[in-house]
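> Sharing a model that was predicted from the sequence below.
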Amino acid sequence: MMNKIIEEDLLSIYDAEIDWELFTNKTVFITGASGFLPIYMVRTLLYLNRVKPLINVNVITLVRNKEKAEQKFAEFLTDDHLKILVQDVCTPVTLTEKIDYIIHAASQASPKYYGADPVGTLNANVTGTLNMLELARKNDVISFLYFSSGEVYGHVTNEHNPVKENYYGYLDPTMVRACYGESKRMGENMCVSYAHQYGVNAKIVRPFHTYGPGMDLNDGRVYADFIADVLAGRNIQMKSDGLATRAFCYLKDATIGFFTVLLKGKNSEAYNVGNPDEEYSIIKLAEIVAGLGTPPLKVIRVSVKADNSYLNSPLARNTPNIDKMKNLGWMPSTGVVEGFKKALESYC
């Protein structure tokens, strides 16, 4: 049985201004498919078959962990439209099916991996992207969507926030934490190069701080920690001064944005997907989420031991300009109070 909150979100996504008929009798290949962001795209496409059976879209998911994928896709395991392919994205993919769309989202996106496994982090973004672009070229896909990140902007000064897609700040390639941002930059250039040389219809999304149902509560990012604290009925532990500000986008809104770029985005262009209207300091977000507890909880400051695996961002502010997405007809609609209420309820 599908989670109630997720089902409500899928209905909202289905009701969005998206031409779902474009997926009729098509096959969509999605890497990193059991990950937090792409899993809503998988669920949306399979849900689409249930509400509009004549669309008949097939979804091939590439995952590294079969057990995790089967758990995430539990309600769809008997669906003939779903195929689970278990392998590393850094290994070339061989398929007998004709692929019409590729969504490349396989990546170690959490900062907890940047120090613990920087090579694995950059491999998915470079070698994995090369493999997916080759698959796209061979299949002459209708559209290729690359999941990049707001990390590609590097150090964004306050006067350039909210940041536009054509601004790039300083990113030190000799710092280990740059393994993510630098490799995402390289992945973007690979998309543009394949579009230029081989005509691959590649589009790029740069997600900003997305939250919602299905977040790994051990992810290491603060808003996942906040939800874990509230679910456990314990006061939220603030492990920094909390003064950095971020813009928070609910997963349902972001998913509509991803499909919008896949189907309507311009070739070789990048699009910010985030919610600049929901920008808060980390301490303010902690207070908001703590207030959603039953009973309301407190925010307490704690000291933490040094951890060489989790490498914090040095940015004081990181907020997207979404004018390009607005021009495609997309606009996020979920505030953090509503969004975090839904996220919390989804775990209950």
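In hand now; what should we look at?
> who touches the helix or strand containing Asn272?
Using DSSP states H and E, Asn272 falls within strand 270-273. Applying Cβ atoms under 8 Å, 6 or more residues apart in numbering, the contact partners of strand 270-273 are 148, 150, 163-165, 188, 203-208, 210, 249, 254, 257-258, 261, 265, 320-322, 324-325, 328, 330. For every residue, glycine as well, the C-beta is placed using N, CA and C.
> Next, find the distance separating the residue positioned nearest the centre of the chain from Ile236.
In the chain, the C-alpha closest to the average C-alpha coordinate belongs to Leu37, at a distance of 3.6 Å (Cα atoms, centre = their mean). Between Leu37 and Ile236 the distance is 24 Å, computed by Cβ to Cβ, to the nearest Å.
> again with Leu45
36 Å.
> Kindly report the same for His104.
Distance check for His104 against Ile236: by Cβ to Cβ, it reads 35 Å.
> can you give me the helices for the stretch 151-300 of the chain?
Under the criterion DSSP state H, counting those that start in this stretch, helices of the stretch 151-300 of the chain are mapped to 178-198, 222-232, 251-264, 282-290.
> Among those helices, show me which one is buried the most.
Of all these, helix 251-264 carries the top mean neighbour count, a mean of 24, counting by mean count of other Cβ atoms under 10 Å.
> What helices and strands are in contact with it?
helix 4-14, helix 38-51, strand 101-104, strand 143-147, strand 202-207, strand 210-211, strand 270-273, helix 323-327 (3 or more Cβ pairs under 8 Å, 6 or more residues apart in numbering; DSSP states H and E).
> returning to that earlier point: how about the helices of the stretch 151-300 of the chain in CSV, adding mean pLDDT and distance to Lys341?
Listed next are the helices of the stretch 151-300 of the chain as CSV, based on pLDDT from 0 to 100; distance: least, Cβ to Cβ, whole Å:
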stretch, mean pLDDT, distance to Lys341
helix 178-198, 97, 30
helix 222-232, 93, 10
helix 251-264, 98, 13
helix 282-290, 96, 10
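> looking at these, which is closest to Leu54?
helix 251-264 (18.4 Å; Cβ to Cβ).
> can you give me how far the closest one is from the chain middle?
Offset of helix 251-264 from its chain centre (Cα atoms, centre = their mean, to the nearest Å): 10 Å.
> Same check on stretch 41-55?
20 Å.
> Residues touching that stretch, excluding its own?
Taking Cβ under 8 Å, 6+ apart as the rule, stretch 41-55 contacts 6, 10, 13-14, 20-21, 23-25, 28, 30, 33, 56-57, 59, 61, 73, 76, 79, 81-82, 103, 105, 255, 258-259.
> Could you check it and say which residues are buried?
Under the neighbour-count criterion of 16 or more other Cβ atoms under 10 Å, stretch 41-55 has Met41, Val42, Arg43, Thr44, Leu45, Leu46, Tyr47, Leu48, Asn49, Ile55 buried.
> what number of residues lie near Gly265?
By other Cβ atoms under 10 Å, 23 other residues sit near Gly265.
> OK, contacts around the residue nearest to it when sequence neighbours are not counted?
Among residues not flanking Gly265 along the chain, Lys203 sits closest, at 3.9 Å (Cβ to Cβ, 6 or more residues apart in numbering). If you count contacts by Cβ under 8 Å, 6+ apart, Lys203 has them with 143-146, 191, 261-262, 265-271.
> Please name the bridge partners of Lys203.
Leu145 (DSSP bridges).
> any low-confidence regions in the chain?
304-314 (pLDDT under 70).
> same thing but 50
310 (pLDDT under 50).
> ok, now which residue in it is the farthest from the centroid?
Distance from the centre of the chain peaks at Pro295, with 31.3 Å (Cα atoms, centre = their mean).
> list the contacts for the closest residue in space to Gly335 that isn't next to it in sequence?
In space, and not counting its chain neighbours, Gly335 is closest to Glu278: 5.8 Å by Cβ to Cβ, 6+ apart. Contacts were defined as Cβ under 8 Å, 6+ apart; by that measure Glu278 touches Ala247, Phe248, Cys249, Pro332, Gly335, Val336, Gly339.
> Look at the last one and tell me its secondary structure.
Secondary structure of Gly339, reduced to three states by DSSP: H, G, I helix; E, B strand; the rest coil: helix.
> wait, doesn't it sit right on Ile227?
No: with contact defined as Cβ atoms under 8 Å, Gly339 does not count as touching Ile227 (11.0 Å).
> quick one: contacts of the helix or strand where Ala343 lies?
Using DSSP H and E, Ala343 falls within helix 336-347. The contact list for helix 336-347 (Cβ under 8 Å, 6+ apart) reads 3-6, 8-9, 211-215, 217, 227, 230-231, 248, 250, 278, 280, 285, 288-289, 292, 334.
> Stretch 60-75 too?
Counting by Cβ under 8 Å, 6+ apart, 1-2, 27-34, 39, 42, 77, 82-89, 93, 95, 97, 99, 106, 214 sit against stretch 60-75.
> likewise stretch 279-299?
Taking Cβ under 8 Å, 6+ apart as the rule, stretch 279-299 contacts 222-223, 226-227, 229-230, 233-236, 238, 240-248, 319, 336-337, 340-341, 344.
> Could you turn the buried ones of those into a ChimeraX selection?
Buried members of the contacts of stretch 279-299, identified by 16+ other Cβ under 10 Å, are gathered into one ChimeraX selection as follows:
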select :222,223,226,227,229,230,235,236,238,242,244,245,246,247,248,319,336,340,344
